[in-house]
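Asks: Kindly return the folded structure for what I paste below:
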Amino acid sequence: MNDPLQWLRSLAFNTQMYLVMLPIGLAFAPWALVSRRGALAACHSYCRWVRWTARWMIGLRTEIRGTPPQTEVIVAAKHQSFLDIILIFSALPAGRFIMKKELVWAPLLGQYALRIGCIPVDRGKRGAAVRKMVADVQAGRSLPGQLIIFPQGTRVAPGVKAPYKIGTAALYADSGQACVPVATNVGVFWGRRGVLRRPGLAVVDFLPPIPAGLPADAFMQRLETAIETRSDALMAEATPTLPR
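Replies: Okay, the predicted model is just below:
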């Protein structure tokens, strides 16, 4: 899409989206310092703001499908852009992410991530990262909520294939919890890089849970099939609506 006006709208939207982190973060800081509930409330408020401004500033509507879990489970999601983080977190009562360690040092964002219970991981050290991730999750089990992990380990653009990493299976086996797969098409509208945000309907879809107790190979195959099949369908659904 070659639309200078949409590019300018996108630039304005992106700018305000990052700037508003500061007033929201500061407004909720006193509550967040004394209670995890305050930190979760701040993050949920920010997600609502991004979804609301995306609708009227750039024409990007958002939709949550399926049944977001309310109890303690692992949530394993397709990751295409910052928007799927916003949508998934907004749908969960107490989500916390497996996140890359570098984000801890981001002003406000890093402090709030730790306050809601996110688990920093060094992605450059594969075996050690998996062991540390499992240990950190064990240490944080007193925090209730939904543990969100991106099985491919990074953002993957629509149409690009990337392997599913074994760390998700390690968490699944260690936790003894069910795993809820999540599919998405957000990358069709909101890319990994660049300014442009396209109008349309961005969707995340919470799929039926995978019960606890499956062998690692069977779990990973079932997880990948569920996420990739449904994400492909959502992207096919979205593509015809894009302006040419």
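Asks: Now do the contacts for the residue at minimal distance from the centre of the chain.
Replies: The C-alpha lying nearest the average C-alpha coordinate of the chain belongs to residue 85 (CA atoms, centre = their mean; 2.6 Å). Counting by CB atoms under 8 Å, 6 or more residues apart in numbering, residue 85 makes contact with 79, 97. Every C-beta, even on glycine, is put in place using the N, C-alpha and C of the backbone.
Asks: what do you get for residue 43?
Replies: Listed by CB under 8 Å, 6+ apart, the contact set of residue 43 reads 89, 112, 116.
Asks: Any regions of this protein where pLDDT drops low?
Replies: Within the chain, the stretches with pLDDT under 70 are 1-2, 123-134, 136-142, 240-244.
Asks: Mind doing that once more with 80?
Replies: Scanning the chain for pLDDT under 80 picks out 1-2, 122-144, 239-244.
Asks: would you list every one of the strands in it?
Replies: Counting by DSSP state E, the chain has strands at residues 60-66, 74-77, 95-100, 119-121, 146-149, 179-184, 200-206.
Asks: one step back: I'd like the distance between the residue nearest to the centre of the chain and residue 151.
Replies: In this view, residue 85 and residue 151 are 15 Å apart by CB to CB, to the nearest Å.
Asks: before we move on, the earlier item: looking at the contacts of residue 43, which one is closest to residue 199?
Replies: Taking CB to CB as the measure, residue 199 sits nearest to residue 89 out of the contacts of residue 43, at 22.7 Å.
Asks: Identify whichever of the strands of the chain lies nearest to residue 237.
Replies: Of all the strands of the chain, it is strand 200-206 that lies closest to residue 237, at 7.9 Å by CB to CB.
Asks: related to what we said a few turns ago, can you list the strands of the chain in CSV and add distance to residue 54 and mean neighbour count?
Replies: Shown next, in CSV, are the strands of the chain (distance: least, CB to CB, whole Å; neighbours: other CB atoms under 10 Å):
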stretch, distance to residue 54, mean neighbour count
strand 60-66, 4, 17
strand 74-77, 19, 26
strand 95-100, 19, 22
strand 119-121, 28, 21
strand 146-149, 20, 24
strand 179-184, 15, 26
strand 200-206, 8, 23
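Asks: Kind regards, and thank you for your time.
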